[in-house]
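**Student:** The amino acid sequence is not available; the structure is as follows:
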């Protein structure tokens, strides 16, 4: 299995604190040593860092952890390989363009019989169940929407229905973003937490690190974090229910 | 205008030396201060680093310059914006999947009337002439090849013909790769150099830096570098002719 981390915020925010906790699970406090990746959106563009090496001792992960890239939407993943060898092309998150937007996808879980999912002209580069399912999702979106949609929450409701059909093949905890919206769909484990004023202190579960968000934020900031397991010990993480999908825009929940 | 750098090698090779020279032109010895990017292929996967800030003082460029990522195929670009604002989504290289491969594209030059180029379902995310032309190229490939081609050099000859048609709209010096092949097509300025045994010393033009490849290589290594301007002062760079396209595989020239 793997671990997921997502962020949706109403102002560009760095994710160094949460990412510091996550990468400890990449071979140190957790067994997810088969690669890691992170996408930061900045406007319509995005930066992607990916490495098939364990995150906890990756020079690139160390760079990302210490260089505060500010973003409103982030998706990160650390991998414990099951479907597909340890290789850069099998390292999440996966990114493809659809309707003039870069879409980022990361998956926790395992799917059986995934090769029967039609992918149209979205052809997987690697051999994971995850990338195949993502290509299938883009193909189904392309079949459903021939032109650029006007109502994006409706598109994400369609994606939630698609996730339900894929879930019949196994565990399908996913994070997905078009750079503006952050979507999550849950099979087994997903938790979220929205930080807003009054801010307090947070203490990581996986490392001896504390941050006082009161000192790091303004009173208007709204920042939601989604992860497969809570990352801090003293904050009220809310569990997403099995088969439930949730959507955030600029840190605020849409559904 | 912009500057391009590409590498094709028969063994995984780092590009730190050439990249060190290139990034000096990103705001220090050259005016290309509007962003930079680099793609490293590792097998079918690739790493992409992009930054809309000047390369010569970019912390990410410094990291890439000092962390020796070994790759057989690399494409890099430093930007002086003309078409499209300074923004991450307008920063080269551009990457899209076609036929189960990640294709990387970078462009030097400027095109007039580029919006008339049909792009099918490959929709540009940013506003550059370059990304639009790349989407047009993928669309034309998709129209020409409905199934995965068997003869890849023939595909690149088709791409060379496509480049000729785009060249009617302006200057179109390009680098393109599917991870295996490195293709270049020239309007005005492109030079290449193949290093193989016996290796010697090379001295950068843009920085006081010398490398002795004799110490860095084995006698079987073949490494070709392509750039818009020669990067070293003491090696026999060969000029690509206007309207000429060239193709390399594992450092060796195919056409």
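**Tutor:** In hand now; what should we look at? Treat the numbers as computed from the prediction; the structure is a model and nothing was measured.
**Student:** With adjacent residues omitted, what lies nearest to residue A:114?
**Tutor:** residue A:129 (4.2 Å; Cβ to Cβ, 6 or more residues apart in numbering or on different chains). Every C-beta, even on glycine, is put in place using the N, C-alpha and C of the backbone.
**Student:** who's in contact with that neighbour?
**Tutor:** A:83-84, A:107, A:110-111, A:114, A:170 (Cβ atoms under 8 Å, 6 or more residues apart in numbering or on different chains).
**Student:** Which one of those is nearest to residue A:182?
**Tutor:** residue A:107 (14.9 Å; Cβ to Cβ).
**Student:** Helices of chain A, start to end?
**Tutor:** A:16-24, A:59-66, A:129-144, A:152-166, A:213-216 (DSSP state H).
**Student:** Can you name every helix or strand that the lengthiest strand in chain A contacts?
**Tutor:** Identified as the longest strand of chain A according to DSSP state E is strand A:2-13. Using 3 or more Cβ pairs under 8 Å, 6 or more residues apart in numbering or on different chains; DSSP states H and E, the elements in contact with strand A:2-13 are helix A:16-24, strand A:71-79, strand A:101-108, strand A:173-177, strand A:181-185, strand A:223-227.
**Student:** just so I know, which of those lies nearest chain B?
**Tutor:** Among the helices and strands packed on strand A:2-13, strand A:101-108 comes nearest to chain B, with 5.8 Å by Cβ to the nearest Cβ.
**Student:** Surely residue A:67 is in contact with residue B:60?
**Tutor:** Yes. Residue A:67 lies in contact with residue B:60 (Cβ atoms under 8 Å); the separation is 7.4 Å.
**Student:** neighbour count winner among the two?
**Tutor:** Comparing residue A:67 with residue B:60 by neighbour count (other Cβ atoms under 10 Å in any protein chain shown), the higher total belongs to residue B:60, at 21 against 12.
**Student:** Just to check, that one is in contact with residue B:52?
**Tutor:** No. Taking contacts as Cβ under 8 Å, residue B:60 lies outside contact range of residue B:52: 10.7 Å.
**Student:** Near the residue in the stretch 151-255 of chain A positioned nearest to chain B, how many other residues are there?
**Tutor:** Among all residues of the stretch 151-255 of chain A, residue A:179 sits closest to chain B, at 9.0 Å; criterion: Cβ to the nearest Cβ. For residue A:179, the neighbour count with other Cβ under 10 Å is 22.
**Student:** Equivalent analysis for residue A:243, please.
**Tutor:** Residue A:243 is flanked by 13 other residues according to other Cβ under 10 Å.
**Student:** I'd like to know which of the helices of chain A lies nearest to residue B:145.
**Tutor:** The nearest among these, by Cβ to Cβ, is helix A:129-144 at 18.3 Å.
**Student:** Tell me the pLDDT of residue A:33.
**Tutor:** Per-residue confidence (pLDDT) for residue A:33: 88.
**Student:** how about the nearest residue to the residue of the stretch 51-200 of chain A found nearest chain B, chain neighbours excluded?
**Tutor:** Residue nearest to chain B within the stretch 51-200 of chain A: residue A:88 (2.7 Å; Cβ to the nearest Cβ). Among residues not flanking residue A:88 along the chain, residue B:45 sits closest, at 2.7 Å (Cβ to Cβ, 6+ apart).
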